Structure formats: C-alpha cells, structure tokens
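K.L.:
Have a look at this prediction, sequence included:
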Amino acid sequence: MIHEAIYQLYPSTVSVIDDTPYDIEGNEIAVDMDDYNSIVSDIVAELELKQLRAKRDILLVETDWWMMPDRTATNEQIAYRQALRDITNTYNSLEDVVWPTKPE
C-alpha cells in the first residue's frame, strides 16, 4: 500500500527502498506527507469498500436460489436482497456495517 501511494503521488518513481522513493537517476524524491497521507487514506477507503462489497456479494449469492423461476420469493426475501444491494449507500467499511436480518 505504501508503494502504491508513492507511485500515485510520484509517477516518475522508479524504485522504493525502505519506503523512500527514487527517480530514474537514483535521486531521492522528497515526499509531501500531507499528499501522501491523503492518498493512503483514499487507498484504505477503497479497500474497505471492496471488502464490504465482497461480503455483500457472498450474502446475495447465498440467496440467489430464492429468485429462481420455479419459486416465488416472499416480500421479506425481496426486501432482504434489496437491503444487501443498498448496503454500500449507507456503509463504507465492514467494521461499521449493520447487516439486515436474513429471513427464513
């Protein structure tokens, strides 16, 4: 993650040694820590949202059979699946999420 942030900040970075970026000529690149911390925060937020979506997708797959053509899903089942799809409108991290209750 540290390297990804440095490469986003300084695309001309050729290598990173001990978290210090260097250009093609081997010169150390001075890192603006405010910019760096901002990019790291963005990367962490993106990863947390990906984890949340992955868990949500698993829960949706587990209930896909409810929607098969030879079945009639209950209103509770339909509402549960919609709540799962909408979860990223309210939450951005697995740490904060309150999952809807799965109906019987």
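P.N.:
Alright, I've got the coordinates.

K.L.:
Counting neighbours, which bits of the strand or helix carrying residue 53 end up buried?
P.N.:
Using DSSP states H and E, residue 53 sits in helix 33-62. Under the neighbour-count criterion of 16 or more other Cβ atoms under 10 Å, helix 33-62 has 36, 39-40, 48, 52, 56, 59 buried. Backbone N, C-alpha and C define where each C-beta goes, glycine included.

K.L.:
Now do the next helix or strand after it against helix 33-62, angle only.
P.N.:
Downstream of helix 33-62, the first helix or strand assigned by DSSP H and E is helix 75-90. With axes from the mean of the first three to the mean of the last three Cα atoms, to 10 degrees defining the directions, helix 75-90 sits at 170 degrees from helix 33-62.

K.L.:
Flag every buried residue along helix 75-90.
P.N.:
For helix 75-90, by 16+ other Cβ under 10 Å, it's 77, 80-81, 83-84, 87.

K.L.:
now that helix: mean pLDDT?
P.N.:
The pLDDT scores in helix 75-90 average 97.

K.L.:
could I get the buried residues of helix 33-62 as JSON lines with pLDDT?
P.N.:
Below are those laid out as JSON lines (pLDDT from 0 to 100):
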{"residue": "36", "pLDDT": "75"}
{"residue": "39", "pLDDT": "79"}
{"residue": "40", "pLDDT": "79"}
{"residue": "48", "pLDDT": "91"}
{"residue": "52", "pLDDT": "96"}
{"residue": "56", "pLDDT": "97"}
{"residue": "59", "pLDDT": "97"}
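
K.L.:
Just to check, residue 43 is in contact with residue 36?
P.N.:
No - if you go by Cβ atoms under 8 Å, residue 43 and residue 36 don't touch, sitting 10.6 Å apart.

K.L.:
backbone phi and psi for residue 20, please?
P.N.:
Main-chain dihedrals, residue 20, degrees, to the nearest 10: phi -110, psi 120.
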